[in-house]
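Participant: What would the 3D arrangement of this be:
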Amino acid sequence: MALFTRKKKNALLTLLQNKITQSSNATVLNDAEIKQLLTEYFTTAIKSPEQKSLKMQGEYLSLLRGSGLEFEELRLYQPGDDVRTIDWKTTARLNKPYVRINKKEQSSSILIFLDYSNSMHFGTKTRLKSSQAARLAVLLVAKALKKEIDITIAIYNGAKTYFYNKKANSKRIFELLGNINKSTSKINSIEPSNGFTESLAGLAVLSRSYENVYIMSDFKNFTRASLPAISSLASNGIIKLIKITDPVEYKLPNIGKINFYDINNNKYIKINTSSSKIRKELTEGMEYQDKAHKLIAEELGLKINHCSTVDNTLTFFLHAGMNA
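Facilitator: Model (predicted):
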């Protein structure tokens with residue numbers, strides 16, 4: 001088949017990711033799921049033993065300064081400085097007012113980027129990829145609520161990026177999470193291949209005041225063109241890349257001939273899943289994509305954490321160090 005030429009090695013993968021399912025336009029979360037996740041989070045031993053040694057590659061010390069506990073430096077008092085930061089011993093010794101500058105706490109703000117482009121509206125067993133990303137976002141919001149810090153959610157739906165910012169508290173948490181579903185409808189149009197990169201570039205401009213950045217996507221359109229934006233994000237604090245996948249993307253079940261929707265050509269294509277050649281092509285395509293993404297991320301010293309749609313959300317959240 002012409003579909004599987006070398007130039008189109010990942011064509012089957014693209015078709016599979018863009019398969020229209022009955023649930024593709026459904027909300028990614030409902031209130032019952034949110035309440036269950038929050039209950040699990042607040043009733044679980046948050047500080048698990050594994051986390052103490054989970055300083056993963058891709059975590060950067062923030063260069064921002066503020067009211068954290070770790071001492072940074074002493075400097076002369078300047079108009080506008082908080083008088084509570086004056087170091088009285090140094091001031092008395094040098095006969096000039098000095099203030100203590102501390103490193104800003106890394107957990108003082110969180111920025112979440114959710115990729116809800118068309119390929120994320122896919123799932124075959126437990127949930128959609130977009131739903132798994134949303135569930136991780138719920139736990140990050142719960143973390144922000146627990147620590148009473150600001151949180152911003154940026155949602156890219158394949159055409160536009162939406163931003164929602166709230167001070168995480170019990171009154172606003174459902175309002176913030178409710179905004180997720182408002183921006184996640186599957187768009188029925190061809191997405192620009194550079195849309196993901198452009199959205200990240202806009203995110204990089206806004207991220208200067210954030211110390212923790214989480215990017216959750218299937219990284220379908222993640223290329224070297226995304227590196228400048230990622231580099232800018234990484235230079236400002238801790239950044240985690242979470243790649244959301246579905247088991248069928250790695251292993252196509254043998255279920256005969258089924259229809260897939262080719263969004264690039266706006267038509268359905270029948271694929272014979274009983275073909276061992278096609279199933280092998282899919283596996284090789286996904287492995288090739290994973291390797292390419294890994295190499296791109298490593299250029300910036302970052303690690304891509306893989307989360308499947310069948311993974312237990314809270315378990316992955318804790319083991320990936322997202323609660324630190």
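Participant: CA only for contacts and neighbour counts going forward, please
Facilitator: Fine.
Participant: Residue 197 and residue 222 touch, don't they?
Facilitator: Yes - using Cα atoms under 8 Å, residue 197 makes contact with residue 222 at a distance of 7.2 Å.
Participant: for stretch 137-147, what is the average pLDDT?
Facilitator: For stretch 137-147, mean pLDDT is 83.
Participant: cool, and stretch 254-265?
Facilitator: Here the average pLDDT along stretch 254-265 is 71.
Participant: try stretch 87-103
Facilitator: 84.
Participant: again with stretch 229-238
Facilitator: Stretch 229-238 comes out with an average pLDDT of 76.
Participant: Is residue 143 in a helix, a strand, or coil?
Facilitator: Put simply, residue 143 is helix when judged by DSSP: H, G, I helix; E, B strand; the rest coil.
Participant: That one against residue 323, yeah?
Facilitator: Yes - between residue 143 and residue 323 there is a contact at 6.7 Å, judged by Cα under 8 Å.
Participant: which other helices and strands contact the longest helix belonging to the chain?
Facilitator: Longest among the helix segments of the chain by residue count, using DSSP state H, is helix 276-298. For helix 276-298, the elements it packs on are helix 11-17, strand 304-308, judged by 3 or more Cα pairs under 8 Å, 6 or more residues apart in numbering; DSSP states H and E.
Participant: quick one, helices of the stretch 101-250 of the chain?
Facilitator: Taking DSSP state H, counting those that start in this stretch as the test, the helices found in the stretch 101-250 of the chain are 129-147, 173-182, 195-206, 227-234.
Participant: and residue 258, helix, strand or coil?
Facilitator: Assignment for residue 258 (three-state DSSP): strand.
Participant: need the contact list for it.
Facilitator: The contact partners of residue 258, taken as Cα atoms under 8 Å, 6 or more residues apart in numbering, are 270-273.
Participant: go again using 10 Å as the cut-off
Facilitator: 268-274 (Cα atoms under 10 Å, 6 or more residues apart in numbering).
Participant: Okay, and which of the residues you listed map to strands?
Facilitator: 268-272 (DSSP state E).
Participant: Tell me which of the helices of the stretch 101-250 of the chain is the most buried.
Facilitator: The highest average neighbour count among the helices of the stretch 101-250 of the chain, using mean count of other Cα atoms under 10 Å, belongs to helix 129-147 at a mean of 23.
Participant: Taking their axis directions, that helix and strand 304-308 sit at what angle?
Facilitator: Put simply, helix 129-147 runs at 110 degrees to strand 304-308, going by axes from the mean of the first three to the mean of the last three Cα atoms, to 10 degrees.
Participant: how close does residue 98 sit to residue 75?
Facilitator: 5 Å (Cα to Cα, to the nearest Å).
Participant: Between those two, which is the more surrounded one?
Facilitator: Each of residue 98 and residue 75 has its neighbours counted (other Cα atoms under 10 Å); residue 98 has more, 21 against 12.
Participant: How about the more buried one: what's its closest non-neighbour residue?
Facilitator: Once flanking residues are discounted, residue 98 sits nearest to residue 76: 4.4 Å by Cα to Cα, 6 or more residues apart in numbering.
Participant: and that neighbour, how far is that from residue 95?
Facilitator: 11 Å.
Participant: Pick out whichever of those two has more residues nearby.
Facilitator: Using other Cα under 10 Å as the criterion, residue 76 and residue 95 rank with residue 76 on top: 14 against 10.
Participant: Would you mind confirming that the more buried one makes contact with residue 88?
Facilitator: No - assessed by Cα atoms under 10 Å, residue 76 is found out of contact with residue 88, at 11.9 Å.
Participant: residues shared between the contacts of those two?
Facilitator: With Cα under 10 Å, 6+ apart, residue 76 and residue 88 have common neighbours 96-100.
Participant: For the residues you listed, give me JSON lines that also has distance to residue 255 and secondary structure.
Facilitator: Shown next, in JSON lines, are those (distance: Cα to Cα, whole Å; DSSP: H, G, I helix; E, B strand; the rest coil):
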{"residue": "96", "distance to residue 255": "79", "secondary structure": "coil"}
{"residue": "97", "distance to residue 255": "76", "secondary structure": "coil"}
{"residue": "98", "distance to residue 255": "73", "secondary structure": "strand"}
{"residue": "99", "distance to residue 255": "69", "secondary structure": "strand"}
{"residue": "100", "distance to residue 255": "67", "secondary structure": "strand"}
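Participant: In PyMOL, how would I select just the buried ones from the residues you listed?
Facilitator: Applying 16 or more other Cα atoms under 10 Å to these leaves a buried subset, and the PyMOL line that selects it is:
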select buried, resi 97+98+99+100
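Participant: ok, of the helices and strands packed on helix 276-298, where does mean pLDDT dip lowest?
Facilitator: In terms of average pLDDT, helix 11-17 trails the rest of the helices and strands packed on helix 276-298, at a mean of 46.
Participant: Hey, what's the angle from the next helix-or-strand element following that helix to helix 129-147? Just curious.
Facilitator: Using DSSP states H and E, the helix or strand that directly follows helix 11-17 along the chain is helix 31-42. Compare the direction of helix 31-42 with that of helix 129-147 by the same axes, to 10 degrees and you get 50 degrees.
Participant: buried set for helix 31-42?
Facilitator: Applying 16+ other Cα under 10 Å to helix 31-42 flags 34, 37-38, 41 as buried.
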